[in-house]
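[1] dropping the sequence and predicted coords here.
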Amino acid sequence: MKLQEYTSSSHNFEECMKCTVCTAYCPVLQVNPLYPGPKQAGPDGERLRLKDPFFFNYALKYCLNCKRCEVACPSGVKVADLIQAARIKYDNAPVKWRDRLLASTDFMGRLARPVAPIANAVTGLGVTKTMMDAMFKIDHRRTFPKYSPYSFEFWMGRHEKEQAAFSEQVAYFHGCYVNYNYPKLGKHLVKILNALGVGVQLLDKEKCCGIAMITNGMKTEATKHATHNVEVLSKAVDKGLMVLTTSSSCTLTLRDEYPSLLGVDNSGVRDFVMMATRYIYEKLEKGATLRFKPDYKKKVAYHTPCHMEKLGWGVFSEKLLRMIPGVEFTMLDSACCGIAGTYGFKRENYEASQAIGQPLFDQIKSVNPDVVACDCETCKWQIEMSTGYTVMNPISILAEAIEYEKEK
Amino acid sequence: MSNNEFDVIIIGGGITGAGTQRDCAMRGLRTLLIERSDIATGATGRNHGLLHSGARYAVNDPESAEECIKENMILRRIASHCVDETDGLFITLPEDDLAYQQTFVDACRKAGISAEVIDPELAKRLEPTVNPDLTGAVRVPDGSVDPFRLCAANMLDAKLHGGQVRLHTTVTGFIREGDTIHGVHTLNLNTGQERDFYASVVVNAGGIWGHDIAALAGVNISMFPAKGALLVFAHRVNNMVINRCRKPANADILVPGDTVCIIGTTSTRIPFEECDSVSVTPEEVTLLVTEGAKMTPALSSTRILRAYAGVRPLVSADDDPSGRNISRGIVCLDHEERDGLKGFITITGGKLMTYRLMAEIATDAVCRKLAVDKRCETATTPLPGSGERSYEEVARKIWEKPSTAQKAAAARLGSNASRIRTRNRLDEALICECEEVSMGEVKDAIEHLEATTLTDLRRRTRIGMGTCQGEFCACRAASLLANAHGCVEREREDLKGFLQERWKGNFPIGWGDTLREAEYTQWVYKHVLGV
């Protein structure tokens, strides 16, 4: 009998050897002394919480869920998962209205889209921001993402037949941002894939991935979304389709957070969900070609979103951008921008959020690129608001750099 | 009165010695406790930490069972901050005879132990980690008790009643005049200072080493050193004590203790010479894990933190080779009656659970000799720290918004946690991160609980008991100790010894993932800490 060759525990917390590397990599700890740090909040705290939930520490709410601790851990401890799981399990305080509002990206999108111009004008007003700050503690210094007057799903509906004509097909999990705020990114992806001879189809009514619900303690709602999404993803996978994404956080949630934080089994679909940049890069590696505009010129600085670091796929976005003739590429230092989805919108986190992002903002300013590239929409809002530089998804840059006649 | 004269000197800082000193001191006697090492270094600190309901002994040793359940109920009252009222299960597995359950339950009831037969399904709900194949379950009032805290609380209370404590001091001989013991010659092992202390009565509470102490006084007691090996797992897997419902055997008790859980034990007779250097063999580890996994399958894949062993101070009765059948009963020897040696008493046998009763019996004997007529009050007077009902209440009373470390301190010290200084952020800084021990708590242990070495600190605060086994906390705490006694060199030696001791517990379990973890820890020591 081979005793105890391997040991295991939930989220691997017991494998922690207290080397404290995670603590050195935590962006929050460097700016917020109230946060106990990933090791404390994660594997250390877990041992006490197992004894008695009384030992749960409410300061765990300061965790960004950036997952940098997990990337740093040499022992495979799921530090951030432990922290999020503890928050879900032990934080019994009712979810604040403000957090519900911020987390319900899907619902807010549906509400705002038909009245997009008005909604955009109103959320941009100083008086609205002051009111939201006073009523909900949503920081008045924040800029809100604009809503699109039409949804991406609506646009796809009008191009369904034309997409179905392609012999090769993929499905696209567009997420709330592409659907309600920026359908253009979706269109850019369709353009590139069409140029590669691939047609795009929607899933059978996807829902918000639920990441903001998870981090805001709305487990029941998040689990509903997860169960629904796994179901519609399965339908696509059963048809033999890969499911592409353009948001790193949605991707991480669909692939990793569903099983480890919500207990939703996604083993049948996980390996078929992939960032579009990886899919396109691999296709090009295998011999597919794209025609680039001969006169395209752009100085691009790439910021790897934290969740992209966790996926380990930043390299695909980087390689794709470097492939574009005329792109002068700079890889920005690995650092968190500080927004972490809804985190930075909360008044109590504003200062910390900006302090965390400061080194990144400074580096962007010193590189002075034409555009910052980044696969995450919330990083985009944060960087645009804090530096004034335009941020584009690598997919949008690639779409802009290629020639394809059928562009609509 | 000279400061080296006492009414009674107690030799041995285990739970029996500390308990006896408390009882004597509470009855108004001038007391001195002498311990060659630290409190709770022998069998007191090397067991399960099980708050026995007595159920384990009900069938074979009804007398011990009755003592256990009575003391169990007393300890819940007087030492609430040392006790975790988890309750326990006696489970029957498919390989066990279910008929034994009835014998067991009958014996428990006879001894006054509540034993409730419950549906195996209910047992699984109460304790989800229990082997799902169980065929029967009985619920009993088992629990867990922290022997270090219990020992420290007794010592502290003795001091509050005027008692004196000399740790790291060994008895080198007895001061004897004819057939009467008048005191002891001692040597302080830290300072090298030799001193004589006088008392009308000397109590030998040396546990298994009581054999040697008696020999030093010229009398013979025939002890039976029975080694028991245990394994500590790195986290609290179960929340209820789990026992096998069969005749007591090896590795059939799993106790949740604070942040860990402990499986044990074995029972092997060892020679007296080995009592100071017991170690755990690979065969014992295999036995403990294999048998433990039968009760709680998760143990086969849960990280083992360390292996350790203790020696039961049993008193020989017959030729039982393992010592399993020897009564755990209390033995109090008045050597005047037994050997014609006046002023000398030995209190031994017994167990952690019955320490208070042992202390009461020994103190009664002391009082008889001194013609003191005072009643024992240890069964009703709470120990220092156990004033509140729960550590939640303690923490909330002391701190408005307790941090995790403050909550942990409340759980360790009870209401005495209010002693911990929180004047500045440095006091709140963590020394031990695994167990959440603040600098304030370590300083408190140095100032109020007689801690002079890292190992002393470990017993009082849990530093170094967590998953990293002293990786960072040892160095941090060493600096505080060096400050406290103003000597860096001595502390460097102490640190070396402490880390060696931690490694010792790692050797018997060094394979698989544990080996990888040990290797990584080694790197941290070498390259980060420069040890």
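    Arrived safely, thanks for sending.

[2] against B:Gly512, how distant is A:Ser8?
    11 Å (Cβ to Cβ, to the nearest Å). Every C-beta, even on glycine, is put in place using the N, C-alpha and C of the backbone.

[3] around chain A, pick out the residues from the stretch 301-450 of chain B.
    B:301-304, B:391-392, B:403-404, B:407-408, B:411, B:430, B:433-434, B:436 (Cβ under 8 Å from any Cβ of the partner chain).

[4] what subset of those is buried?
    Buried members of those, scored by 16 or more other Cβ atoms under 10 Å in any protein chain shown, are B:301-304, B:391, B:403-404, B:407-408, B:411, B:430, B:433-434, B:436.

[5] what's the most distant pair in these?
    B:Ser301 and B:Ser403 (32.5 Å; Cβ to Cβ).

[6] picking that back up, looking at the buried ones among the residues of the stretch 301-450 of chain B next to chain A, which are in strands?
    Of the positions in those, B:Ile304, B:Leu430 sit in strands, assigned by DSSP state E.

[7] with distance to A:Phe173 as added columns, please give the buried ones among the residues of the stretch 301-450 of chain B next to chain A in CSV.
    Listed next are these as CSV, based on distance: Cβ to Cβ, whole Å:
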residue, distance to A:Phe173
B:Ser301, 35
B:Thr302, 38
B:Arg303, 38
B:Ile304, 43
B:Tyr391, 48
B:Ser403, 41
B:Thr404, 39
B:Lys407, 43
B:Ala408, 44
B:Ala411, 46
B:Leu430, 43
B:Glu433, 40
B:Cys434, 41
B:Glu436, 42
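
[8] in helices, which of the buried ones among the residues of the stretch 301-450 of chain B next to chain A fall?
    Residues of these located in helices (DSSP state H): B:Tyr391, B:Thr404, B:Lys407, B:Ala408, B:Ala411.

[9] quick one, phi psi at B:Leu50?
    phi -90, psi 130 (degrees, to the nearest 10).

[10] please list all residues in contact with it.
    By Cβ atoms under 8 Å, 6 or more residues apart in numbering or on different chains, the contact set of B:Leu50 is B:Asp142, B:Gly143, B:Ser144, B:Val145, B:Val241, B:Ile253, B:Val255, B:Leu352, B:Met353.

[11] which single one of those is nearest to A:Met108?
    Closest to A:Met108, out of all of the contacts of B:Leu50 and judged by Cβ to Cβ, is B:Ser144, at 50.4 Å.

[12] and the closest one, how many neighbours does it have?
    By the criterion of other Cβ atoms under 10 Å in any protein chain shown, B:Ser144 has 24 neighbours.

[13] now the one helix or strand it maps to, how far from the centre of its chain.
    When elements are assigned from DSSP states H and E, B:Ser144 belongs to strand B:143-145. Distance of strand B:143-145 from the chain centroid (Cα atoms, centre = their mean, to the nearest Å) equals 11 Å.

[14] mind showing which ranges of the chain have poor pLDDT?
    Going with chain A. A:1-7, A:406-408 (pLDDT under 70).

[15] meant chain B, my bad for not saying
    Ranges of chain B meeting pLDDT under 70: B:1-2, B:316-328.

[16] outline the domain layout of it.
    Chain B breaks down by automatic domain parsing into domains covering B:5-43+B:148-222+B:328-370, B:83-144+B:224-313, B:420-529.

[17] now render those as a markdown table, adding distance to A:Thr220.
    Output for those, formatted as a markdown table (distance: least, Cβ to Cβ, whole Å):
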| stretch | distance to A:Thr220 |
| --- | --- |
| domain B:5-43+B:148-222+B:328-370 | 41 |
| domain B:83-144+B:224-313 | 22 |
| domain B:420-529 | 31 |
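
[18] and the stretch 51-200 of chain A, which residues reach chain B?
    So far as Cβ under 8 Å from any Cβ goes, the stretch 51-200 of chain A lies against chain B at A:Lys51, A:Asp52, A:Phe54, A:Phe55, A:Asn57, A:Pro74, A:Ser75.

[19] which among those count as buried?
    The buried subset of those (16+ other Cβ under 10 Å) comprises A:Lys51, A:Asp52, A:Phe54, A:Phe55, A:Asn57, A:Ser75.

[20] residues contacting B:Phe174?
    B:Phe174 touches B:Ile181, B:Gly183, B:Val184, B:His185, B:Val202, B:Leu216, B:Ala217, B:Gly218, B:Phe344, counting by Cβ under 8 Å, 6+ apart.

[21] quick check: closest non-adjacent residue to it.
    Among residues not flanking B:Phe174 along the chain, B:Ala217 sits closest, at 4.9 Å (Cβ to Cβ, 6 or more residues apart in numbering or on different chains).

[22] which residues does A:Leu254 contact?
    Contacts of A:Leu254 by Cβ under 8 Å, 6+ apart are A:Phe173, A:Cys209, A:Asn229, A:Leu233, A:Thr245, A:Asn266, A:Val269, A:Arg270, A:Val273.

[23] same check on B:Gly350?
    Listed by Cβ under 8 Å, 6+ apart, the contact set of B:Gly350 reads B:Thr16, B:Arg328, B:Gly329, B:Ile330, B:Val331, B:Leu357, B:Met358.

[24] how does it look with 10 Å?
    Going by Cβ atoms under 10 Å, 6 or more residues apart in numbering or on different chains, B:Gly350 touches B:15-16, B:64, B:67, B:71, B:207, B:313-315, B:327-332, B:357-359, B:361.

[25] what's the burial count for the residue lying closest to A:Thr128 once chain neighbours are set aside?
    Using Cβ to Cβ, 6+ apart and skipping the chain neighbours, the partner closest in space to A:Thr128 is A:Val122 (5.3 Å). Neighbour count for A:Val122, taken as other Cβ under 10 Å: 13.

[26] for chain A, what's the nearest residue on the stretch 401-531 of chain B?
    B:Cys468 (3.7 Å; Cβ to the nearest Cβ).

[27] can I assume that residue sits in a strand?
    No - B:Cys468 is assigned coil when assessed by DSSP: H, G, I helix; E, B strand; the rest coil, not a strand.

[28] hey, where'd the strands end up in chain A?
    A:168-173, A:198-202, A:243-245, A:273-275, A:298-302, A:327-331, A:371-373, A:391-392.

[29] report the buried residues of the first one.
    Pointing back at strand A:168-173 there. Result for strand A:168-173 [16+ other Cβ under 10 Å]: buried residues A:Gln169, A:Val170, A:Ala171, A:Tyr172, A:Phe173.

[30] still on that earlier bit, name the residue in A:Ser8 and B:Gly512 with the higher neighbour count.
    Higher neighbour count among A:Ser8 and B:Gly512: B:Gly512, with 17 against 13, using other Cβ under 10 Å.

[31] so what's the backbone phi/psi at the more buried one?
    Torsion angles, degrees, to the nearest 10, at B:Gly512: phi 60, psi -140.

[32] from what I can see it touches B:Thr302, true?
    No - using Cβ atoms under 10 Å, B:Gly512 is not in contact with B:Thr302, being 12.0 Å away.

[33] the longest helix in chain A is where?
    helix A:219-238.

[34] how many neighbouring residues does the closest residue to A:Gln169 other than its chain neighbours have?
    Among residues not flanking A:Gln169 along the chain, A:Gly199 sits closest, at 5.0 Å (Cβ to Cβ, 6+ apart). As a burial measure, A:Gly199 scores 18 neighbours (other Cβ under 10 Å).

[35] about what we covered before: can I assume the residue nearest to B:Phe174 is in contact with B:Thr346?
    Yes - using Cβ under 10 Å, B:Ala217 is in contact with B:Thr346, at 9.0 Å.

[36] what do those two both touch?
    Common neighbours of B:Ala217 and B:Thr346 (Cβ under 10 Å, 6+ apart) are B:Ile11, B:Val202, B:Asn204, B:His335, B:Asp339.
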